[in-house]
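Colleague: no FASTA, just this:
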């Protein structure tokens, strides 16, 4: 037997596993790393966040990703090169981080790498299959670090009938569901998404969906119109603007918001070209700060409307809402969200023991733990409307 296959078996027999989760989102800021100690799996999962950090990408590197990110036409050799380059860069980040933490690669049982999304393409007509593409090849990470690597988690979800997103439902259910307590786990990254967890803990009662833009339009607009700024820190720019109701209404009437739940989306749809098209077609005239104020309201209202439409009895529901992601640090966005939803008790995921900025990396580490440990997987098992399968491809170091 290949000794690396034997090692996989041995990892699955261990009472606990040390797994390093990696997440690089559509905001393209950098790489989140979360070193996690897992015991158990499924609803019996226990996780200790041992270390976490975010390593920011250089502006030059972010620009190289933007050149192929969510575009219909690209320079294909650049995409091919980036697939290897991102994998190798992430491997170096891993080795540097482990050294700083005083941990050897031999102590880490597995790496769980999300990769960098460059295209997400759900096609709800049924004429073509849904598709998604994350680059940063797992083989490069495994070979350079010497650690078994699981990657490319979204492909199996699509193969099993999902859209490849959002995948947070697995970690949300296993880590944060609580008998007798209704909870909504809201992540506001580039795209907004939420998981509704019923106090029944019945997997059939789970609801999970993308809601529309989180920070993706806001950040892209800031980069384009405010040189030297990468995002609207503390909403200082948006607070200078005035809400433009006609533009808000036009954006909320876009086809995505009329589609049935659950659904997924990305910057392929919500981008500046779409925003400019809506503004030009309607002849709107507004200042950059007015646009930012309106886009902030769009995020708050689209998330709220998704919850109100998708979650049964939302307005009368006693429920705790737990927020994570970069949008949770936007004070204007959170003010507007809590104003729209006065019945919600809003807190951050830090209060449940997982740092908000580390949550998504932890969730991918959990997906790797599930693939290694879940002995009850079947092809027809589901978490709400989401296929419940073993996700990720396994790359061996040698």
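Modeller: Received it, and whenever you're ready, just let me know what you need. All values derive from a computational prediction rather than experimental measurement.
Colleague: compute the distance between the nearest residue to residue 120 once chain neighbours are set aside and residue 319, please.
Modeller: Leaving out its chain neighbours, the residue that sits closest to residue 120 by C-beta to C-beta, 6 or more residues apart in numbering is residue 266, at 3.8 Å. For glycine as for every other residue, the C-beta is placed from the backbone atoms N, C-alpha and C. As judged by C-beta to C-beta, to the nearest Å, residue 266 and residue 319 stand 27 Å apart.
Colleague: what about the two, which has more around it?
Modeller: residue 266 (24 against 21; other C-beta atoms under 10 Å).
Colleague: by mean pLDDT, which helix or strand of this structure comes out lowest?
Modeller: The helix or strand of the chain with the poorest confidence is strand 345-348; it has a mean of 81 (mean pLDDT, DSSP states H and E).
Colleague: for residue 108, give me its contacts.
Modeller: Residues counted as contacts of residue 108 (C-beta atoms under 8 Å, 6 or more residues apart in numbering) are 18, 19, 20, 35, 98, 147.
Colleague: before we move on, what's the pLDDT of the residue nearest to residue 120?
Modeller: On pLDDT, residue 266 comes in at 93.
Colleague: before we move on, the earlier item: the contacts of residue 108: which two are farthest apart?
Modeller: Distance extremes for those: the farthest pair is 19 and 98 at 12.8 Å, using C-beta to C-beta.
Colleague: neighbour count for those two, which is higher?
Modeller: Applying other C-beta under 10 Å to residue 19 and residue 98 shows that residue 19 carries more neighbours, namely 29 against 21.
Colleague: secondary structure class of the more buried one, three-state.
Modeller: Put simply, residue 19 is strand when judged by DSSP: H, G, I helix; E, B strand; the rest coil.
Colleague: can you name the residues bridging to it?
Modeller: Note on residue 19: beta-bridge partners by DSSP bridges are residue 36, residue 110.
Colleague: let me know the pLDDT of it.
Modeller: For residue 19, the predicted pLDDT is 98.
Colleague: the nearest residue to residue 251 once chain neighbours are set aside: which element?
Modeller: Once flanking residues are discounted, residue 251 sits nearest to residue 298: 5.2 Å by C-beta to C-beta, 6+ apart. Secondary-structure assignment from DSSP states H and E places residue 298 in helix 288-310.
Colleague: now do that helix: which elements does it pack against?
Modeller: In terms of contacts (3 or more C-beta pairs under 8 Å, 6 or more residues apart in numbering; DSSP states H and E), helix 288-310 is packed against strand 183-188, strand 191-197, strand 207-213, helix 216-225, helix 245-252, helix 331-340.
Colleague: what residues does stretch 265-279 touch?
Modeller: Contacts for stretch 265-279 (C-beta under 8 Å, 6+ apart): 26, 69-70, 117, 119-122, 165, 190-191, 210, 212-213, 216-217, 220-221, 224, 247, 250-251, 254, 256, 284, 286, 291, 295.
Colleague: just the buried ones from these?
Modeller: 26, 69-70, 117, 119-122, 165, 190-191, 210, 212-213, 216-217, 220-221, 247, 250-251, 254, 256, 286, 291, 295 (16 or more other C-beta atoms under 10 Å).
Colleague: ok so, going back, in the least confident helix or strand of the chain, what counts as buried?
Modeller: Neighbour-count burial for strand 345-348 [16+ other C-beta under 10 Å]: residue 348.
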